[in-house]
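*Asks:* got a predicted model here, sequence first, then my questions.
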Amino acid sequence: MPSSFLHPFSNPRRESYICIARGEGATVWDSEGRDYVDAMASLWYCAIGHGRSEMSDSIASQARSLAAYSCFEPFTNGPADRLASELCSIAPKPDSRVFLCNSGSEAIDSAIKLARIAHSNSGSKQRTMIISRGRGYHGAAYGGTSAQGIELNRDGFGPFLPDVVQVPADDVEALESLMAQHGETVAAVLVEPVQGAGGVHPSPHGYLDAVRRLCDQYGAFLIFDEIVTGFGRLGSWFAAEHFKVEPDLVAFAKAVTSGYQPLGGVLVGPAVRMGLEFNGDFVLRHGFTYSGHPVACAAALTNLEIIRREQLLQRADYIGTKLTSGLRALADEHKIDHVRGAGAVWAAGLRPDQDAAEIRDRMLARGVICRASNASTLAFCPPLVISDAQIERIVEVLTDAVG
């Protein structure tokens, strides 16, 4: 019989699961005592590694003084205020503000709502269209599901949010044509700088610059979905720095706490701020019970301190170089088809005769966790504290698993 727990992104009739019991660094152990190299940082997020006592101490300390309290007007709390200030100091666009929520899905839906309401407040109520890309994954709430370009994740969940349309993933001409046709009604263009769940596809050279230019030309906001790429994955705080393109809104989550507490948010740049602050009587009627949750914010502050102190931003490129040298050797030997990625997030593109789920399961049996993003892709996004020996083990196990 299936368990009482209805698992996310899982077959509801599945009866057995690997029960992860504990973790340390880039290693996790299941309830049977088997160890695994966590080559996915759980689900793209555990940048500082598992089992950090500094994190648990910070969480416990904050919970003892103030576990939770609403940040709805007129209240706030110290950790939320300090985190907002810290995030603004590293934001890709100066003079930003921070909206806080609980997850990446909430962050995406919040960014969509903030884009629309900022235009509305500025007198452009007709600007409601959100344009996203094929292959993009933007969470599992209704706004993000409406915007995502992975059809399997949309199938059966409609009808979706109105005025949300997709263009082919890397087709600037298709985007330009759509914006030329609907320019006066476009609120925002939503893109992942590196598409994660869609198979680890970095934006082609010049693509994001072109999107920025089109947004400026047609008066739309540019939203970066940095749920996966934020907080060091590409060797900088945000992918916006890596690609040298400034968005108007940045949705973040995952590595902001390395998963030690649920937390997400949106960096709100000056153009959007102007719309929100335009009318002195305006009340932002959007938020969540746990927006600015003090324990989650305390965890984020400690996590960011660890990333800085241990120079994990700089380590991302080293990890990527080390990992891809092994992956590219497999591609050169035709054991896989190709390699793609950026920073410390990479994918093995498989041959047509290979099945990602089967190879993933063989790797699990040999003690390495990766992710089958689709039938032809294995994704790797290890904690930024992973050792050289563990990276070598990932490549060795993949080599055995592909045969």
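*Replies:* In hand now; what should we look at?

*Asks:* every contact and neighbour count from this point should use C-alpha atoms.
*Replies:* Noted.

*Asks:* show me what the helix ranked longest in the chain is in contact with.
*Replies:* Assignment by DSSP state H gives helix 312-332 as the longest helix of the chain. With C-alpha atoms under 8 Å, 6 or more residues apart in numbering as the test, helix 312-332 has contacts from 48, 231-237, 307, 336-339, 342-346, 348, 384-386, 388, 391-392, 395, 399.

*Asks:* one more time with 6 Å, if that's ok
*Replies:* Helix 312-332 is contacted from outside by 232, 235, 236, 336, 337, 338, 343, 344, 395, using C-alpha atoms under 6 Å, 6 or more residues apart in numbering.

*Asks:* excluding chain neighbours, what is closest to the fourth one?
*Replies:* What sits nearest to residue 336 in space, not counting adjacent residues and going by C-alpha to C-alpha, 6 or more residues apart in numbering, is residue 350, at 4.9 Å.

*Asks:* how does the protein divide up, domain by domain?
*Replies:* 20-51+311-402, 56-309 (automatic domain parsing).

*Asks:* those domains: which one's closest to residue 9?
*Replies:* Closest to residue 9 of these, according to C-alpha to C-alpha: domain 56-309, at 9.2 Å.

*Asks:* okay if I get the domains of the chain as a markdown table plus distance to residue 6?
*Replies:* Below are the domains of the chain laid out as a markdown table (distance: least, C-alpha to C-alpha, whole Å):
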| stretch | distance to residue 6 |
| --- | --- |
| domain 20-51+311-402 | 17 |
| domain 56-309 | 15 |
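
*Asks:* which stretches of the stretch 1-150 of the chain form helices?
*Replies:* Applying DSSP state H, counting those that start in this stretch to the stretch 1-150 of the chain gives helices spanning 41-44, 53-65, 78-90, 104-121, 142-147.

*Asks:* C-alpha coordinates for stretch 90-107, CSV please?
*Replies:* This file holds the C-alpha atoms of stretch 90-107, laid out as CSV (Å, rounded to 0.1, in the frame of the first residue of the first chain):
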residue,chain,number,x,y,z
ILE,A,90,24.3,42.2,-3.2
ALA,A,91,21.4,42.7,-5.5
PRO,A,92,22.3,43.1,-9.2
LYS,A,93,20.5,46.4,-9.4
PRO,A,94,21.2,49.2,-7.0
ASP,A,95,18.3,50.8,-4.9
SER,A,96,16.3,47.6,-4.8
ARG,A,97,13.9,46.5,-2.1
VAL,A,98,13.1,42.9,-1.0
PHE,A,99,9.7,41.1,-0.8
LEU,A,100,9.9,37.9,1.3
CYS,A,101,7.9,34.8,1.0
ASN,A,102,8.4,31.0,1.6
SER,A,103,9.4,29.3,-1.6
GLY,A,104,10.4,29.7,-5.2
SER,A,105,6.9,29.0,-6.5
GLU,A,106,5.6,31.9,-4.3
ALA,A,107,8.5,34.1,-5.4
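
*Asks:* buried set for that stretch?
*Replies:* 91-93, 96-107 (16 or more other C-alpha atoms under 10 Å).

*Asks:* likewise stretch 163-170?
*Replies:* For stretch 163-170, by 16+ other C-alpha under 10 Å, it's 164, 165, 166, 167, 169, 170.

*Asks:* now the strands for the stretch 301-403 of the chain?
*Replies:* For the stretch 301-403 of the chain, strands defined by DSSP state E, counting those that start in this stretch occupy the ranges 338-342, 345-349, 368-369, 371-374, 377-380.
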